[in-house]
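In: just the structure for this:
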Amino acid sequence: MDKKIYTRQELFDLVWNEPLSKLATKFNIETQYLKDICLENNIPLPTRGYWSKVRFNKEIEKITLPKIENKNPKINLDPRQQHKKFKTDYHRRAFELEQRRDLNFKVPARISTYHPLIMTSKKLLEKIDNSEKRLRYWEVANENDLLPIHTDLKHRGRALRFMDTLIKIVEAMGCKIVFYCNSAHVEMFGQKTEISLRQKVYRIRNKDESGWSRESWEKSDKFEFQAGPSFNQKKWIDNTKRKLEECLPEIIAWIEKDCKYWHNLRTEQAIEENKRLLQEQKLEALKKAKESEQAKVNQLFIDAENWNKAKVAEHYISAMEEQAVQKNEMNSNTKDYISWARKVIKNLNPLSDSNWSEQ
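Out: Here you go, the predicted structure:
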């Protein structure tokens, strides 16, 4: 069959209209491979005896296609993929990226027009090379957006072409190169992965006549590309089987995986943090509600106690006034004291505005 890419619904209709063995023959793939694809995409298959019932026009039951998160996955039935084995998921992703027509992973032998970042870095590196003050890379990178290209001048052209291709792939995927803390990073999914390109350096140990060991460092003609933070760094190095340029799909896939990991982690952390804050807010609201309730209870007993004190004091002042009148001892001092006492009682009594004396 000429068509190789199908939707879930299309493949579902095919496997329920014709036995898997016949479909596999038409697609020139193994039956088990077709079955695995259906299982991987949650496409139910006819049960044993289904096609016998169809042949003899017996009643059959057809299952509906269940829904999945990715509503429209593209399923590739190209026979060239069935024997493709992948070490990891990111190797599988590298293969998928390499098949995309909008991404050009081939590093050209010559480039007429470099990416602006490459042009800027090229000029800055030349400035370092020609500096009479022996400028160091970090000194220039501290003040400029300088790509991490650490190679000899004779290897500079290859390094620039490699980085130019990588940057254009990153931008074709809707992502970008950003500079942070004097380092270059690929930014995907809102997360950054540090990158660096250099000549592979080997440590050489030599012993002198006295037996003392000395170390020296020697640059090789091999390129080494590094991605990720120091505690989780991934490296790709030239070897006899393949050059670094051939590793570009894997490099992009790994960077994508790394950024996606941190994106998902940060998202989960944000969700957990929101849950924690909500829980804290609920506990704080509950605490305030309890404190408010307790304050009301405390105030109730304070008011009741003050009301009782005010009532006793009022009876006392009334008795004092009555006694003073009966004994004809009501003078200005006594009147002032009684007036003052009733003001105190009024302020003390929480029901002073009510006619509690009639209760």
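
In: measure the residue nearest to Thr7 when sequence neighbours are not counted to Thr31 for me?
Out: In space, and not counting its chain neighbours, Thr7 is closest to Asn72: 6.0 Å by CB to CB, 6 or more residues apart in numbering. For the C-beta atoms, the positions are set from N, CA and C on the backbone; glycine is no exception. Using CB to CB, to the nearest Å, one gets 26 Å for the distance from Asn72 to Thr31.

In: what about the residue nearest to Thr7, how many residues nearby?
Out: Using other CB atoms under 10 Å, Asn72 has 8 neighbouring residues.

In: swap in Lys346?
Out: Each residue near Lys346 was counted by other CB under 10 Å, and the total is 12.

In: grab the nearest non-local neighbour of it.
Out: Once flanking residues are discounted, Lys346 sits nearest to Ser352: 4.7 Å by CB to CB, 6+ apart.

In: wait, Tyr90 touches Asp258, no?
Out: No. If you go by CB atoms under 8 Å, Tyr90 and Asp258 don't touch, sitting 9.1 Å apart.

In: the more surrounded of those two?
Out: The neighbour comparison of Tyr90 against Asp258 (other CB under 10 Å) goes to Asp258, with 24 against 20.

In: quick check: the more buried one is in a strand.
Out: No. Under DSSP: H, G, I helix; E, B strand; the rest coil, Asp258 sits outside any strand and is assigned helix.

In: pLDDT at it, what is it?
Out: The model reports Asp258 with a pLDDT of 94.

In: Asp353 too?
Out: 69.

In: give me the pLDDT for Gln81.
Out: Gln81 carries a pLDDT score of 62 in this model.

In: can you check the one 10 residues further on too?
Out: Reported pLDDT at His91 in the predicted model: 85.

In: what's the burial count for it?
Out: For His91, the count of nearby residues is 16 (other CB under 10 Å).

In: first-to-last residue distance for stretch 96-105?
Out: Using CA to CA, to the nearest Å, the end-to-end distance of stretch 96-105 comes to 12 Å.

In: roughly how far is that stretch from the heart of the chain?
Out: Here stretch 96-105 is found 25 Å from its chain centre; the criterion is CA atoms, centre = their mean, to the nearest Å.

In: repeat that for stretch 252-269.
Out: That offset, for stretch 252-269, works out to 6 Å (CA atoms, centre = their mean).

In: alpha carbons only: can I get that stretch in PDB?
Out: The C-alpha trace of stretch 252-269 is given here as PDB (Å, rounded to 0.1, in the frame of the first residue of the first chain):
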ATOM      1  CA  ILE A 252      19.100  17.900  19.900                       C
ATOM      2  CA  ALA A 253      16.900  15.000  21.200                       C
ATOM      3  CA  TRP A 254      18.900  14.800  24.400                       C
ATOM      4  CA  ILE A 255      18.700  18.600  25.000                       C
ATOM      5  CA  GLU A 256      14.900  18.400  24.300                       C
ATOM      6  CA  LYS A 257      14.700  15.500  26.800                       C
ATOM      7  CA  ASP A 258      16.700  17.400  29.400                       C
ATOM      8  CA  CYS A 259      14.600  20.600  29.000                       C
ATOM      9  CA  LYS A 260      11.400  18.700  29.100                       C
ATOM     10  CA  TYR A 261      12.500  16.900  32.300                       C
ATOM     11  CA  TRP A 262      13.100  20.100  34.100                       C
ATOM     12  CA  HIS A 263      10.000  21.700  32.600                       C
ATOM     13  CA  ASN A 264       7.900  18.800  34.000                       C
ATOM     14  CA  LEU A 265       9.700  18.900  37.300                       C
ATOM     15  CA  ARG A 266       9.200  22.600  37.700                       C
ATOM     16  CA  THR A 267       5.500  22.200  36.800                       C
ATOM     17  CA  GLU A 268       5.100  19.400  39.300                       C
ATOM     18  CA  GLN A 269       6.900  21.500  41.900                       C
END
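
In: what's the distance between Lys219 and Val201?
Out: The gap separating Lys219 from Val201 is 5 Å, by CB to CB.

In: likewise Glu10?
Out: From Glu10 across to Val201, the span is 54 Å (CB to CB).

In: what of Glu61?
Out: Computed as CB to CB, the Glu61 to Val201 distance reads 68 Å.

In: compare those two (neighbour count), which wins?
Out: Just comparing Glu61 and Val201: by other CB under 10 Å the higher neighbour count belongs to Val201, 12 against 8.

In: sheet-wise, list the partners of the helix or strand that contains that one with their directions.
Out: Using DSSP states H and E, Val201 falls within strand 191-207. The sheet places strand 191-207 alongside strand 149-150 (parallel), strand 183-188 (antiparallel), strand 213-227 (antiparallel), with pairing taken from DSSP bridges.

In: deepest of these, which one?
Out: Highest mean neighbour count of the strands paired with strand 191-207: strand 183-188, a mean of 20 (counted as mean count of other CB atoms under 10 Å).

In: what comes into contact with it?
Out: Residues from elsewhere that reach strand 183-188, judged by CB atoms under 8 Å, 6 or more residues apart in numbering: 141, 145-148, 170, 173, 175-179, 192-196, 227, 255-256, 259-260, 263.

In: and that strand, how far from the chain's centre?
Out: Offset of strand 183-188 from its chain centre (CA atoms, centre = their mean): 15 Å.
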